[in-house]
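fold the following for me, if possible:
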Amino acid sequence: MIRKLCFIAAFLFSCFSSGRESVTAEDSLLPLRDGKPPQSLDDLWANFDPQAEPLGAETLKEWERDGVVCRVVRYRIGTFKGSPATMVGFYAFPFAFPEGATKLPGLLQLHGGGQSANLDGAVADAKRGYACLSLNWGGNKLNFGRDPPAYDGPNTDWGKVDATHPPQRNKANHFAGPLTPDDYTLDAIESPRNSNWFLVLLAARRGITFLEQQPEVDPAKIGVYGHSMGGKLTTNLAAIDKRVRAAVPSCGGSGTVLESQTDLPGCVKSSPSALELACVSDNPYIDRLTCPILWLSPTNDFHAVIDNMAVTWRAIPDERVRFSISPHFNHHHGDDYAITQHLWFEQHLKGSFSMPASPEITVDLKAADGVPVVSVRPDRSRPVKRVDVYSSADPHVLTRFWRDGQAAEADGYSWQARCPVMSPDEPLFAFANVTYDLPETYRKIATAPGQSNTDAFTISSRMVSFSSAALKSAGVKATDAPDRMIDDGGRLWQDWYQSNWGHPPLWRAFTRKLKDPKWRGPDGAKLVFEIRSETDNQLVVEVETNGWGAVEKGKPAVSYNAVKPLKGSPDWQTVSVSLDDMVATDPKFTAPLASWRTITQFSIGPSGEVVRDGTKQPSTGKPWAGPREIRNLRWE
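Numbers count the residues shown, from 1 in each chain. You can find the predicted model right below:
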């Protein structure tokens with residue numbers, strides 16, 4: 001019966017929407033007042049009402065998959081420069097509503113740069129009891145995922161403007177700037193309305209209107225999430241459109257820190273124009289955030305810089321924000337962290353979960369022995385599984401290695417970790433993770449399509465930082481020293497992050513630990529470790545040097561690797577790597593690796609890309625047999 005009612009309601013809505021659509025050459029946005037560009041968010045958004053114009057919503061294709069109604073839909077974004085712009089996306093909701101429910105919470109999904117609307121993600125949300133609209137704002141080919149139906153219908157059409165990504169018609173990328181005019185911009189002068197961020201936000205606000213008009217959606221329960229560029233869009237959308245009741249930006253929305261802010265350690269700093277800072281930067285949007293928001297981003301993300309976030313998000317009240325920060329990752333998340341997105345919406349759109357409060361973090365810089373001590377007090381409303389404290393003295397946020405302080409419970413309420421430093425001339429950064437048991441209800445829910453389930457979830461503290469001047473003033477001393485034993489293997493992969501872990505021939509483990517001065521390679525040393533492989537195989541040992549220009553500014557990042565054969569055995573076998581073994585993975589670079597001191601990342605795995613006979617080619621190992629573990633990674 002529910003299924004029939006859904007189809008009837010959808011059909012009537014489609015007919016009603018189509019009937020009231022009127023094609024007009026009148027633009028959706030008013031001309032600039034007195035020919036001057038907007039100078040603030042108030043000016044930028046003053047005359048736009050996302051509910052004013054008819055959507056002209058239509059279903060281009062409909063089918064069923066795994067108990068979910070799947071649709072390709074299209075709606076009118078607006079009329080710009082006399083030409084209509086239309087958005088295409090996937091819309092999915094379950095046939096059978098949860099018991100007792102007559103309406104579903106709605107989710108708006110915003111993809112990242114160069115990507116497209118994701119049907120698998122929308123279907124996953126529908127299976128969890130949501131109605132999800134995934135926008136194809138970038139205009140790329142629709143991603144139907146597994147078991148795609150036949151479709152050769154329309155795609156997103158921006159009309160006489162171009163907010164596709166990568167740009168399909170405009171040579172200028174108006175996401176990266178500039179705000180200057182061209183044939184595809186709204187305004188004929190420098191204006192924030194020429195930014196593609198503005199156009200996509202406008203389209204996303206219309207997407208919320210689409211959701212709230214669907215008969216199966218509760219318009220009072222709409223959330224938004226997105227990754228990378230979609231993360232920035234999520235942060236900005238949640239701030240500017242108060243119909244958003246909960247938001248989860250992933251790897252986006254960290255805000256702008258200015259080059260003039262020299263008192264702030266770390267950060268990725270820039271010098272935007274006054275107009276960009278006032279109307280395009282995340283900063284003015286972040287200042288307007290009022291809905292519950294979860295910051296989901298790893299420690300070393302290139303797009304959502306954790307140092308910047310620590311500055312620009314500091315005024316958001318603790319009761320409104322949570323953080324889930326995967327250590328060591330760049331631009332993706334561990335399973336214990338990714339699941340928090342689902343839990344956040346379960347709490348704020350369904351009322352079926354209660355997220356613990358952010359852990360409280362304090363740092364004592366005035367300990368008698370000169371070693372900073374980090375104290376963490378977690379919310380114990382749920383059983384605490386583990387507390388981890390991470391710290392670093394590296395000002396380069398993208399290649400920073402986060403040391404695990406091996407926190408210990410101190411008094412039944414808090415955990416403490418000592419954070420010795422090599423030199424008080426460097427800053428200090430620290431945060432804490434508290435891992436909880438995941439309730440059984442959520443353990444069978446994959447964190448994302450194609451990923452695995454998890455039995456835990458992790459909430460992070462705010463990140464705190466201290467300048468070198470603050471450390472010296474407090475009496476912090478250099479008590480740490482170099483150590484040739486990098487990793488004895490006793491805390492398996494704790495200082496690493498993994499990729500393709502579910503694929504035995506493609507797995508890879510990465511660490512930035514060799515960049516830390518404590519474990520940096522001495523001149524002339526060999527890198528040695530033990531590993532076990534139960535069958536004959538190979539190991540590709542790789543280092544990235546000067547990643548993100550962290551060691552030698554202005555010079556390129558270059559990767560080098562060596563392929564080491566392994567004999568099948570249940571016993572440990574030794575792998576030894578010298579500088580002479582390493583070959584650049586790009587044939588343009590023929591000079592040998594001169595020093596270990598430029599390493600910013602180290603990785604191992606059975607497969608990789610190598611240069612043979614002057615050309616790059618894959619070197620693929622066999623599926624790994626036996627445990628994946630190493631021990632006694634050291635310099636000799």
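
list the buried residues in stretch 605-620.
605, 606, 607, 608, 610, 611 (16 or more other Cβ atoms under 10 Å). No exception for glycine: its C-beta is placed from N, CA and C like everyone else's.

my guess is the first one contacts residue 507. True?
If I follow you right, that is residue 605. Yes - using Cβ atoms under 8 Å, residue 605 is in contact with residue 507, at 5.5 Å.

common neighbours of these two, please.
Common contacts of residue 605 and residue 507 (Cβ atoms under 8 Å, 6 or more residues apart in numbering): 499, 500.

so how far is stretch 285-297 from its chain's centroid?
Its chain's C-alpha centre and that of stretch 285-297 lie 14 Å apart, by Cα atoms, centre = their mean, to the nearest Å.

can you pull the buried residues of it?
By 16+ other Cβ under 10 Å, the buried positions in stretch 285-297 come out as 285, 286, 289, 291, 292, 293, 294, 295, 296, 297.

could I get the average pLDDT for that stretch?
Throughout stretch 285-297, pLDDT has a mean value of 98.

need the distance between the two termini of that stretch.
18 Å (Cα to Cα, to the nearest Å).

ok, now stretch 156-173?
Stretch 156-173 has an end-to-end distance of 18 Å (criterion: Cα to Cα).

apart from its chain neighbours, what residue comes closest to residue 310?
residue 463 (4.3 Å; Cβ to Cβ, 6 or more residues apart in numbering).

quick one: contacts for that neighbour?
Here residue 463 is in contact with 306, 307, 309, 310, 325, 429, 430, 431 (Cβ under 8 Å, 6+ apart).

can you give me the pLDDT of the residue most central in space within the chain?
The chain has residue 251 as the residue nearest its centroid, 2.4 Å off, counting by Cα atoms, centre = their mean. On pLDDT, residue 251 comes in at 98.

that one and residue 298 touch, don't they?
Yes - if you go by Cβ under 8 Å, residue 251 and residue 298 touch, sitting 7.4 Å apart.

next, show the common contact partners of the two.
With Cβ under 8 Å, 6+ apart as the test, residue 251 and residue 298 both reach 331, 332.

just the helices in the stretch 51-200 of the chain please.
For the stretch 51-200 of the chain, helices defined by DSSP state H, counting those that start in this stretch occupy the ranges 119-127, 196-213.

gap between the residue nearest to residue 310 and residue 555?
From residue 463 across to residue 555, the span is 29 Å (Cβ to Cβ, to the nearest Å).

and residue 412, by the same measure?
51 Å.

comparing those two, which residue is more hemmed in?
Neighbour totals were compared for residue 412 and residue 555, and residue 555 leads with 11 against 6 (other Cβ atoms under 10 Å).

for that one, which non-adjacent residue is spatially closest?
In space, and not counting its chain neighbours, residue 555 is closest to residue 546: 5.7 Å by Cβ to Cβ, 6+ apart.

what's around that neighbour, how many residues?
Residue 546 has 19 nearby residues by other Cβ under 10 Å.

correct me, but it touches residue 598?
Yes - between residue 546 and residue 598 there is a contact under Cβ under 8 Å: 5.3 Å.

what's the overlap in contacts for the two?
residue 552.

just the pLDDT for residue 12.
Confidence at residue 12, expressed as pLDDT, is 38.

I should have written residue 503 there, sorry.
Residue 503 carries a pLDDT value of 88.

for it, what are phi and psi?
When read as degrees, to the nearest 10, the backbone of residue 503 gives phi -120, psi 100.

got it, and residue 622?
Torsion angles, degrees, to the nearest 10, at residue 622: phi -90, psi 160.

now it. Nearest residue, chain neighbours left out?
Distances taken as Cβ to Cβ, 6+ apart put residue 537 closest to residue 622, at 5.0 Å, once the chain neighbours are dropped.

over to residue 210?
Once flanking residues are discounted, residue 210 sits nearest to residue 75: 5.2 Å by Cβ to Cβ, 6+ apart.

which residues does the one you found bridge with?
Legend: beta-bridge partners of residue 75 under DSSP bridges are residue 87.

how far away is it from residue 157?
Distance from residue 75 to residue 157, by Cβ to Cβ: 12 Å.

name the residues contacting each of the two.
Counting by Cβ under 8 Å, 6+ apart, the shared contacts of residue 75 and residue 157 are residue 86.

these two - which one has more neighbours?
Per other Cβ under 10 Å, whichever of residue 75 and residue 157 has more neighbours is residue 75, with 24 against 15.

so is the nearest residue to residue 547 once chain neighbours are set aside in a helix, a strand, or just coil?
Counting by Cβ to Cβ, 6+ apart, residue 600 is the residue found nearest to residue 547 once chain neighbours are left out, at 3.7 Å. Using DSSP: H, G, I helix; E, B strand; the rest coil as the criterion, the local structure at residue 600 reads strand.

residue 600: neighbouring residues, count only.
Quick note: residue 600 (other Cβ under 10 Å) scores 22 neighbours.

got a list of what it touches?
Residues in contact with residue 600, defined by Cβ under 8 Å, 6+ apart, are 399, 512, 515, 544, 545, 546, 547, 548, 550, 551, 557.

is it true that the first one touches residue 300?
Right, the one you point to is residue 399. Yes - using Cβ under 8 Å, residue 399 is in contact with residue 300, at 7.2 Å.

tell me which of these two has more neighbours.
Taking neighbours as other Cβ under 10 Å, residue 399 and residue 300 compare with residue 300 leading, 25 against 21.

distance of residue 545 from residue 402?
20 Å.
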